[in-house]
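# With the input below, show me the fold.
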Amino acid sequence: MKVIGLDLIANAPRGEGQPAPSPRERLAEVVADAQLFEELGFDGFAVGERHHAPFLSSSPTVLLGHLAAVTSRIRLFTGVTLLSVLDPVRVAEDYATIDHLSGGRLELIIGKGNGPEQAELFGIERTQAWETLRENYALLRQLWSSRAVDWGPPAGAPGVRHSPLRGADIQPRPLQSRIRVWHGSATSPASVELAARHGDPIFSANAMNPIEQYAALVRRYREVWAESGRDPAAATVGAATHSTWPAPPSRRATSTGRSTRRSSPRSPPPTTRCPARGPTTRTTTTTSSAPPP
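The predicted structure follows:
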């Protein structure tokens, strides 16, 4: 099992009568958290992408580029990349660059996103997001795997990109031979079916809805995975859970976490206290390829 942290970078008042941190302060917290997660032995750190208040995660590529420079081991994730509204050419170039800056530590989690206003901000109807996500992902993979991509917008279908491609060769190529892409799963079988058909892992939000709804999506993922002729044991599922690190900080909690990690290298990293701030919620994600009991 592997454990990562995820920060959607919400920025709201931390308590009654208290102002929200400034954007500079909040973004500095994210950087400090990523460094602490690496120090404590976590496997990865993810930043979200939202394009509406109260979130400050509108530019994950810039933030991940910085995290690549201030960390050296921990894997870096998106959570999630809103591929339904983004130009796949820009996504391919930006994240290939981050893959090089991080030394091949990048993984993507893609999805259509939760806020419907985000789709409309980029000129996509909220009902079109699943269709654009499917088309954009196919093009993204093609851009990363081929040196000469020919592509045209599907006739009569919604899309983000309207200009055709002729012999497109994006630069730089990713450092990894294949950047691992996870598919965010929260409400629709479409996401898990897309993941299974491409042989990709899924990331189950496991947060807002009854657990049975998420379990049904995981079962559907495993069904389509097997129907596609893949080894059931290779299907990989990530499951999120909310965790809270309370303030004020505690040197004792941090040192206890470090000693626990050293003595039990196979156990999940312990819950620790973050740098000084008000109560902060993060998401911890565990991944496993084992089938459910």
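
# Work out for me the element Gly184 sits within.
Here Gly184, judged by DSSP states H and E, is contained in strand 180-185.

# and that strand, how far out from the chain's middle?
7 Å (C-alpha atoms, centre = their mean, to the nearest Å).

# That one pairs with which strands, parallel or anti?
strand 106-111 (parallel), strand 202-204 (parallel) (DSSP bridges).

# Buried residues, stretch 98-109. List them.
Ile98, Asp99, Leu101, Ser102, Arg105, Leu106, Glu107, Leu108, Ile109 (16 or more other C-beta atoms under 10 Å). Using the backbone N, CA and C atoms, a C-beta is placed for each residue, glycine as well.

# what sits against the second one?
Remark: with contacts taken as C-beta atoms under 8 Å, 6 or more residues apart in numbering, Asp99 is in contact with Arg105, Leu106, Pro174, Leu175, Gln176, Ile179.

# and the two most separated of the residues you listed?
Based on C-beta to C-beta, the longest span within the contacts of Asp99 runs between Arg105 and Pro174 and measures 11.7 Å.

# circling back to that earlier point, make TSV out of the buried residues of stretch 98-109 and add distance to Gly44 and pLDDT.
Listed next are the buried residues of stretch 98-109 as TSV, based on distance: C-beta to C-beta, whole Å; pLDDT from 0 to 100:
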residue	distance to Gly44	pLDDT
Ile98	14	98
Asp99	14	98
Leu101	16	98
Ser102	11	98
Arg105	8	98
Leu106	10	98
Glu107	7	98
Leu108	12	98
Ile109	10	97
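
# From those, pick the one nearest Asn206.
Ile109 (13.3 Å).

# Give me the next element, helix or strand, following the strand holding Gly184.
Once the chain leaves strand 180-185, the next helix or strand it forms, by DSSP H and E, is helix 189-198.

# For that following helix, C-alpha coordinates in CSV please.
Only the C-alpha atoms of helix 189-198 are listed here, as CSV (Å, rounded to 0.1, in the frame of the first residue of the first chain):
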residue,chain,number,x,y,z
PRO,A,189,-19.3,4.8,-14.6
ALA,A,190,-17.9,6.6,-17.6
SER,A,191,-14.7,7.5,-15.8
VAL,A,192,-14.0,4.0,-14.5
GLU,A,193,-14.9,2.4,-17.9
LEU,A,194,-12.5,4.8,-19.6
ALA,A,195,-9.7,3.9,-17.2
ALA,A,196,-10.2,0.1,-17.5
ARG,A,197,-10.2,0.2,-21.3
HIS,A,198,-6.9,2.1,-21.3
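
# List the buried residues for that helix?
Buried-residue list, helix 189-198, by 16+ other C-beta under 10 Å: Ala190, Ser191, Val192, Glu193, Leu194, Ala195, Ala196.

# for stretch 157-171, same thing?
Pro158, Val160, Arg161, Leu165, Ala168, Ile170.

# How about stretch 48-59?
Across stretch 48-59, burial judged by 16+ other C-beta under 10 Å covers Gly48, Glu49, Arg50, His51, Phe55, Leu56, Ser57.

# Run through the residues that contact the first one.
Counting by C-beta under 8 Å, 6+ apart, Gly48 makes contact with Leu6, Asp7, Leu8, Ile9, Phe55, Ser57, Pro60, Thr78, Gly79, Val80.

# For this protein, give me the ranges with low pLDDT.
Along the chain, the model assigns pLDDT under 70 to residues 116, 243-293.

# quick one, helices of it?
Ranges of helices within the chain are 23-39, 60-70, 88-101, 116-121, 129-145, 189-198, 211-227, 251-263, based on DSSP state H.

# Dump the C-alpha coordinates for the shortest one into PDB.
Listed in PDB are the C-alpha atoms of helix 116-121, where the atom choice follows Å, rounded to 0.1, in the frame of the first residue of the first chain:
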ATOM      1  CA  PRO A 116     -19.900  22.900 -13.000                       C
ATOM      2  CA  GLU A 117     -19.100  26.500 -13.200                       C
ATOM      3  CA  GLN A 118     -15.500  25.500 -14.200                       C
ATOM      4  CA  ALA A 119     -16.700  23.900 -17.500                       C
ATOM      5  CA  GLU A 120     -18.700  27.000 -18.400                       C
ATOM      6  CA  LEU A 121     -15.700  29.200 -17.600                       C
END
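
# tell me the angle of the strand holding Gly184 relative to helix 211-227?
Strand 180-185 and helix 211-227 meet at an angle of 130 degrees, taking axes from the mean of the first three to the mean of the last three C-alpha atoms, to 10 degrees as the criterion.

# State whether Val85 and Gly113 are indeed in contact, as I suppose.
Yes - between Val85 and Gly113 there is a contact under C-beta atoms under 8 Å: 7.5 Å.

# That'll do, ta.
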